[in-house]
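Novice: Based on what follows, work out the 3D shape:
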Amino acid sequence: MLTLFAEAVRLRAIIHGAVQGVGFRPFVYRLAAELRLTGWVNNSAQGVVIEVEGDKEALDIFLSRLEPEKPPRAFIQSLETTFLDPAGYRTFEIHPSDDDGPKTALILPDSATCADCQREIFDPANRRYRYPFTNCTHCGPRFSIIESLPYDRPNTTLKNFVMCADCRAEYENPLDRRFHAQPNACPVCGPQLEFWSAEGQAIAARHEALLLAVDSIKQGKIVAVKGLGGFHLIVDARDEAAVRRLRRRKGRAEKPFALMFPSFDAVQSSCHVSLLEARLLRSPEAPIVLLRRWTVAEADSLAPSIAPGNPYLGVMLPYTPLHHLLLAELGFPIVATSGNISDEPLCTDEHEALERLPEIADLFLVHNRPIARHVDDSVVRVAAGRELVLRRARGYAPLPVTLPEPIPPTLAVGAHLKNTVALAVGREAFVSQHIGDLETVAAYTAFRHVIRDFETLYASAPTQIVCDAHPDYVSTHYAERRGLPLTYVQHHFAHVLACLAENDLHEPVLGIAWDGTGYGLDGAIWGGEFLHVADRGFTRVAHLRNFRLPGGDKAIREPRRAALGVLYEIFGDAAFEMTDLPPLQACSPSELKLFAQMLPKGINAPFTSSMGRLFDAVSALIGLRQVAGFEGQAAMELEFALSEDECGAYPILIRAEQPTSVLDWELLVRGVIADVRAGTSSSVIAAKFHNSLVEAILAIAHQIGEPRVVLSGGCFQNKYLLEQAVSRLTEAGFRPYWPQRLPPNDGGIALGQIMAAQFSN
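Specialist: Predicted coordinates:
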């Protein structure tokens, strides 16, 4: 019998995926040494390349152990293998990286400090005791420091920090967990802290700088702290005066502040924490997690202005050595909000922070490790038993979503609010970190910078571009100026397609896209849409009944305007006589006179089918919120107000019209008005309103008859609405899908635009 591979054989393996910056090459080195194999491994612009030589049985064992024993943060997307004649290797080595060819290696997100590094920074006998830039192959900066592929120290922002002999020995030792850890550093050779005055004068350095920052926070000062992907503005979360001062200076009247707690036990003293929420808090992603606060009777010592009127707190644990050291010294929770002026991008450079934050921060805790790009904290909540990402940035970006089929290099520029961009290379769609609302010059500058950054990072020049169909979005104007073949994508179609991509679904599906604003095919403001997606396109099969918005975009910040639009749609001029209702009571006589002129004539009062604005209208009608401090506040308060007891639902009439069915909310609104006048509690009215919407979803699903139903758009950030819709659809035999690792809000639009471009190719 012929024996194959009787002598040594050479195996070449090319591995694509998240395999750079996670200790994959050291893992391969150790595995090869254990199996007495020779050859080499290196990083390439595409991933990791291995050539390993030995007998066939040992090579088979080598291959079988790659997946189950890979480093915890590694992800093998594909493994291409070829058996070749032996090359006569004598040893196994890590070769220099190869940057030739297309840049398709996956860049890992920044990762929270691992347990081993945490132990070191608190061990007085360790040489990294109290060192705030400690990291290893299992944790630390990645996306925020990499400047180009492949992932090697000369291609990171640490390129000018020369490793000392001890760090170099760790870096070169295959048995050390810092073997080829690119950001490796220590107090002797690495970045250092400084404490600056508001004028930029250095007051102290190293651990003394941290201690002075701690003292300043305890004294009620606002300290700007340079972290992993930018600055935080930090104050004592128990100090009401300090929190109010931060709100005033930052121009953030009511929007909740994020908190960082010193420990998991401290979090539990203020919030309910489920097993999944606990896992998220402690995960390598370490996002801000929305947690429900304990009841008032069990209230904690947090300042009331942290999250006024909100039963949830946005909570995170320390995720860098600097944060661990800072919180260990403080011993109490801090506000850790984005280091920016509201509606502007995050500051990443200490000198930039001095220019942009002098009216906010009293003092600055900075360091000299450059940040390659801004990366905000991610925000998640648990809904329907799963993680639901509301803002995708640190810990998540820029991991890609795999597309159903390859696409030419394509740039998607996203929406106007909660903007992200996406770049598709082959079958990978790389979605950027959160950029924010493109409302300011600074935000638009950041938007353009992220696009240039992605094109450089992945060495990909797009051959086509995709944008929102809204003619007035600055992202649309940018796309038009690029001079590339351009595809305009309807906003709500993009919402549904993003969810399809993330859930690896193919059409046909019934897509339900509910949000605040999206440009419709008829030029109206859409937002309560049911789209049948099939044959690489969509049909609008149903929508919310239209009503006018007096003042247009002003209604986003004034829910009373949406309420008046709804009342006028039902009652006409008689609406202005319903002065017992809260929205009219919140308007001055001159304002009511103006609205009475705008609505009948349609002057600056566009039609909308927006579900978000219907939420606002009901919130105003029951007296919860007439003027909002931030976008979505009225809808949030309506969710927070509801009773989860069995409350029933208001009727919604579904009118079969041509070419679409219409969800007529008139009976619902009349029911709300009757309950308000009868003195029914706002919690019962809010619950009945939500239940009505869920029943409408179910009715349209039955009418269309498509077994797979996709739920997307900003309204499905609402935990109760999402969970009830998923439950009722499942009970009725439908298969619901919703976003998980990408936001249901406009942060997912860029991915949907990439899918639309793929459909059109």
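
Novice: helix or strand for Ala33, which one?
Specialist: helix 24-34 (DSSP states H and E).

Novice: So Thr81: helix, strand or coil?
Specialist: strand (DSSP: H, G, I helix; E, B strand; the rest coil).

Novice: okay, now the domains of this structure?
Specialist: Using automatic domain parsing, the domains assigned to the chain come out as 9-94, 402-503+740-761, 541-710.

Novice: in the stretch 51-200 of the chain, which ranges drop under the pLDDT threshold?
Specialist: 100-105 (pLDDT under 70).

Novice: hang on, the earlier thing: need the winner for burial among the domains of the chain.
Specialist: Comparing the domains of the chain by mean neighbour count (mean count of other CB atoms under 10 Å), domain 402-503+740-761 comes out on top with a mean of 22. From N, CA and C alone the C-beta is placed, and that goes for glycine too.

Novice: now that one, how far from the chain's geometric center?
Specialist: The chain centroid and the centroid of domain 402-503+740-761 are separated by 15 Å, computed with CA atoms, centre = their mean, to the nearest Å.

Novice: Do me a favour and get the end-to-end distance for it?
Specialist: 17 Å (CA to CA, to the nearest Å).

Novice: picking up where we left off before, chain center to the helix holding Ala33: distance?
Specialist: For helix 24-34, the distance to the chain centre is 34 Å (CA atoms, centre = their mean).

Novice: what's the model's confidence in that helix, averaged?
Specialist: On average, the pLDDT along helix 24-34 is 91.

Novice: about what we covered before: in CSV, list the domains of the chain along with distance to Ala125.
Specialist: Listed next are these as CSV, based on distance: least, CB to CB, whole Å:
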stretch, distance to Ala125
domain 9-94, 25
domain 402-503+740-761, 38
domain 541-710, 49
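
Novice: before we move on, back to that, partners of the helix or strand that comes right after the helix holding Ala33 in the sheet?
Specialist: Reading on from helix 24-34 to the C-terminus, the next helix or strand found by DSSP H and E is strand 38-43. If you go by DSSP bridges, strand 38-43 pairs up with strand 48-54 (antiparallel), strand 92-94 (parallel).

Novice: Could you list the alpha-carbon positions for the following helix or strand past the shortest one in CSV?
Specialist: The helix or strand immediately downstream of strand 92-94 is helix 115-121, counting by DSSP H and E. Once non-C-alpha atoms are left out, helix 115-121 reads as follows in CSV (Å, rounded to 0.1, in the frame of the first residue of the first chain):
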residue,chain,number,x,y,z
ALA,A,115,-7.1,40.5,34.9
ASP,A,116,-3.3,39.9,34.7
CYS,A,117,-2.5,43.5,33.9
GLN,A,118,-4.9,44.7,36.6
ARG,A,119,-3.0,42.6,39.1
GLU,A,120,0.3,44.0,38.0
ILE,A,121,-0.6,47.7,38.4
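
Novice: Helix 115-121: how far from the chain's middle?
Specialist: Mean-position distance between helix 115-121 and its chain equals 28 Å (CA atoms, centre = their mean).

Novice: Pull the residues that contact that helix.
Specialist: Contacting residues not belonging to helix 115-121 are listed as 126, 128-132, 134-136, 138-140, 177, 321, 324-325 [CB atoms under 8 Å, 6 or more residues apart in numbering].

Novice: Give me the buried subset of these.
Specialist: Neighbour counting by 16 or more other CB atoms under 10 Å classes 128, 130-132, 134-136, 138-140, 177, 321, 324-325 among these as buried.

Novice: longest strand of this structure?
Specialist: In the chain, assigned by DSSP state E, the strand with the most residues is strand 400-412.

Novice: Each with direction, which strands does that one pair with?
Specialist: Here, using DSSP bridges, strand 400-412 pairs with strand 422-431 (antiparallel), strand 464-468 (parallel).

Novice: Identify whichever of these lies nearest to Asp504.
Specialist: strand 422-431 (11.9 Å; CB to CB).

Novice: Which secondary structure state is assigned to the closest residue to Arg30 other than its chain neighbours?
Specialist: Setting aside the residues directly before and after it, Arg30 is nearest to Pro174 in space (CB to CB, 6 or more residues apart in numbering), at 5.8 Å. Assigned by three-state DSSP, the conformation of Pro174 is coil.

Novice: Look up phi and psi at Ile754.
Specialist: Ile754 adopts backbone torsions of phi -60, psi -40, taken as degrees, to the nearest 10.

Novice: Quick check: it vs His492, distance?
Specialist: 16 Å (CB to CB, to the nearest Å).

Novice: which residues touch Arg741?
Specialist: Contacts of Arg741 by CB under 8 Å, 6+ apart are Glu387, Val389, Arg392, Tyr396, Glu502.

Novice: Which parts of the stretch 551-700 of the chain are helices?
Specialist: 554-557, 559-571, 582-585, 589-601, 611-621, 633-641, 666-678, 682-704 (DSSP state H, counting those that start in this stretch).

Novice: just to revisit the earlier point, nearest to Gly414 among the contacts of helix 115-121?
Specialist: Nearest to Gly414 among the contacts of helix 115-121, with distances taken as CB to CB, is Gly140, at 28.8 Å.

Novice: Could you tell me how many residues sit around Leu399?
Specialist: Using other CB atoms under 10 Å, Leu399 has 19 neighbouring residues.

Novice: That one against Leu106, yeah?
Specialist: Yes. Contact criterion CB atoms under 8 Å: Leu399 and Leu106 qualify, at 6.6 Å.

Novice: any residues in contact with both of those two?
Specialist: Shared contacts of Leu399 and Leu106, counting by CB under 8 Å, 6+ apart, come down to Ala18.

Novice: which SS state does Asp472 fall under?
Specialist: coil.

Novice: For Ile570, see how far away Ala656 is.
Specialist: In terms of CB to CB, Ala656 sits 20 Å off from Ile570.

Novice: what's stretch 680-694 in contact with?
Specialist: So stretch 680-694 is contacted by 611, 618, 622-624, 638-639, 641-645, 647-652, 668, 671-672, 675-676, 718, 720-721, 724-725, 728 (CB under 8 Å, 6+ apart).

Novice: Kindly report which one of the strands paired with strand 400-412 carries the lowest mean pLDDT.
Specialist: Ranked by mean pLDDT, the strands paired with strand 400-412 bottom out at strand 422-431, which scores a mean of 92.

Novice: Excluding chain neighbours, what is closest to Glu350?
Specialist: Per CB to CB, 6+ apart, closest to Glu350 is Val366, 4.0 Å.

Novice: To clarify, my last question referred to Gln724.
Specialist: Nearest residue to Gln724 in three dimensions, chain neighbours excluded: Val694, at 4.5 Å (CB to CB, 6+ apart).

Novice: pretty sure Arg245 contacts Ile222?
Specialist: Yes. With contact defined as CB under 8 Å, Arg245 counts as touching Ile222 (6.8 Å).

Novice: Between these two, which has more neighbouring residues?
Specialist: Set Arg245 next to Ile222 and count neighbours by other CB under 10 Å: Ile222 wins out with 23 against 18.

Novice: could you dump the strands paired with strand 38-43 to TSV with distance to Arg373?
Specialist: TSV is the format used below for the strands paired with strand 38-43 (distance: least, CB to CB, whole Å):
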stretch	distance to Arg373
strand 48-54	24
strand 92-94	28
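
Novice: between these, which one is nearest to Pro707?
Specialist: Closest to Pro707 of the strands paired with strand 38-43 is strand 48-54 (CB to CB; 41.1 Å).
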